[in-house]
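Trainee: how would this look folded up:
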Amino acid sequence: MVTLKSLMAGIGLALVAAVGAQAQTLDCGADTLCKVKAAGVLKIGTKDDYVPWSYRASDGSFKGMEVDIGTKIAEALGVTPQFVKVTSANRFEFLAQGQIDLMIASASDTAERRKVVAFVHPNYYSSGYTVLLPKAVKATQWKEISGQTLCAVQGAWYNKPAQEKFGVTVLAFAGTAETESAMTQGRCIGLLEDDNQINVRLTKPKWADYHMPLPIEADTPWGMAVRQSDQFAPFGIYIAGSIAQMHRDGTLLKLEGDNGIAKSAYLARMHESLKDHID
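Mentor: This next block holds a predicted model:
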């Protein structure tokens, strides 16, 4: 079976060889793939508080499914991954300003965001949004919490539609630790988050007195992002091929399981559609 690393023997290798030769002269111009090869480092923006997708381990290193994905992409390219902390509020700015080369930070691929960065396809994950509520709150429909305050992370794409569609008030904070603290202080009745994150929370004893009773809204794919100038350039093409291959050979499904995440219907569907028809 073809693996991500062996993909380099095809189109990916041709791209890397071409830019590798160019990198020898250090005349990369605006070619990001050439610059990455010349530097020997791929700078990847990811979160540090989004367990189990991307977070800091006790030793300070980055861990999680998205970190594993970034590591595989860098290793197949023959460079070292360098993970840079980003937040929901600054991740697109970091990418546009060149502080990172690639963003893998649980970013939903929306039309509004495509005005700022380029999402590389196929997408690599998917989620919708809903609310984590104390079990003492008996609401089962969104209309039952209209007018209430929810805590959320700044920059989350669903903050605005949740307010507009359901009449809730969103109190936004820099990260998940701050949202949790605010909720326990009684500043909001629950956490507005993506359903994947809430499902992970509910597997832990800490959240035994909470539930996810409201319908999940607006399931939206997550995308890796590059600068708009890289979308159809060698770097964007290389990243697109890498994602497709990881869907095809089951790598994403394996990394999901390795990180203790329940098997998602999205990854199963993508693997089925892209898998090798001979194998």
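Trainee: ok, F232 - how many residues close by?
Mentor: Close neighbours of F232, defined as other CB atoms under 10 Å, add up to 11. Heads up, the C-betas are built off the backbone N, CA and C, glycines and all.
Trainee: what do you get for the one 4 residues further on?
Mentor: Neighbouring residues of G236 were enumerated by other CB under 10 Å; the total is 24.
Trainee: Please report how far P221 lies from K43.
Mentor: Computed as CB to CB, to the nearest Å, the P221 to K43 distance reads 24 Å.
Trainee: Compare those two (neighbour count), which wins?
Mentor: Between P221 and K43, counting by other CB under 10 Å, K43 is the more crowded of the two (22 against 18).
Trainee: just checking, what packs against the one helix or strand that one maps to?
Mentor: K43 belongs to strand 41-46 when assigned by DSSP states H and E. Packing partners of strand 41-46 (3 or more CB pairs under 8 Å, 6 or more residues apart in numbering; DSSP states H and E): helix 65-77, strand 80-85, helix 91-96, strand 102-103.
Trainee: With mean pLDDT and distance to I216 as new columns, can those be given to me in a markdown table?
Mentor: What follows is the helices and strands packed on strand 41-46, written out as a markdown table (pLDDT from 0 to 100; distance: least, CB to CB, whole Å):
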| stretch | mean pLDDT | distance to I216 |
| --- | --- | --- |
| helix 65-77 | 98 | 20 |
| strand 80-85 | 98 | 28 |
| helix 91-96 | 96 | 23 |
| strand 102-103 | 98 | 24 |
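Trainee: Buried deepest among those, which one?
Mentor: Comparing the helices and strands packed on strand 41-46 by mean neighbour count (mean count of other CB atoms under 10 Å), strand 102-103 comes out on top with a mean of 28.
Trainee: re earlier: run the chain-centre distance for whichever helix or strand comes after the strand holding K43.
Mentor: Following strand 41-46 in sequence order, the next helix or strand is strand 49-50 (DSSP H and E). Distance of strand 49-50 from the chain centroid (CA atoms, centre = their mean, to the nearest Å) equals 11 Å.
Trainee: Show me how far the longest strand along the chain is from its chain's centre.
Mentor: When the chain is parsed with DSSP state E, its longest strand is strand 118-134. In terms of CA atoms, centre = their mean, the centre of strand 118-134 is found 8 Å from the chain centre.
Trainee: Just name whatever secondary elements that strand is in contact with.
Mentor: Strand 118-134 is packed against strand 190-194, helix 195-201, strand 210-211, strand 217-226, helix 234-248, helix 265-274, with contacts defined by 3+ CB pairs under 8 Å, 6+ apart.
Trainee: And the longest one, what's buried?
Mentor: Residues 234-248 are the ones in helix 234-248 that count as buried (16 or more other CB atoms under 10 Å).
Trainee: could you point out which element follows that helix?
Mentor: helix 251-258.
Trainee: which secondary structure elements does that following helix contact?
Mentor: Secondary-structure packing of helix 251-258 (3+ CB pairs under 8 Å, 6+ apart): helix 65-77, helix 265-274.
Trainee: Pull the residues that contact the shortest one.
Mentor: The reference is to helix 265-274. Helix 265-274 is contacted by residues 122, 125-126, 221, 244, 247-248, 250, 252-253, 256 when judged by CB atoms under 8 Å, 6 or more residues apart in numbering.
Trainee: Low-confidence stretches in the protein?
Mentor: For the chain, the stretches flagged by pLDDT under 70 are 1-26.
Trainee: Tell me which residue lies nearest the centroid of it.
Mentor: S106 (2.2 Å; CA atoms, centre = their mean).
Trainee: circling back: got a markdown table for the helices and strands packed on strand 41-46, with distance to K35 too?
Mentor: Conversion of the helices and strands packed on strand 41-46 to a markdown table gives the following (distance: least, CB to CB, whole Å):
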| stretch | distance to K35 |
| --- | --- |
| helix 65-77 | 12 |
| strand 80-85 | 13 |
| helix 91-96 | 14 |
| strand 102-103 | 12 |
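Trainee: Among these, single out whichever gets nearest to Q154.
Mentor: helix 91-96 (11.1 Å; CB to CB).
Trainee: Tell me which other helices or strands that closest one touches.
Mentor: Contact partners of helix 91-96 among helices and strands, from 3+ CB pairs under 8 Å, 6+ apart: strand 41-46, strand 102-103, strand 217-226.
Trainee: go with 7 Å
Mentor: strand 41-46 (3 or more CB pairs under 7 Å, 6 or more residues apart in numbering; DSSP states H and E).
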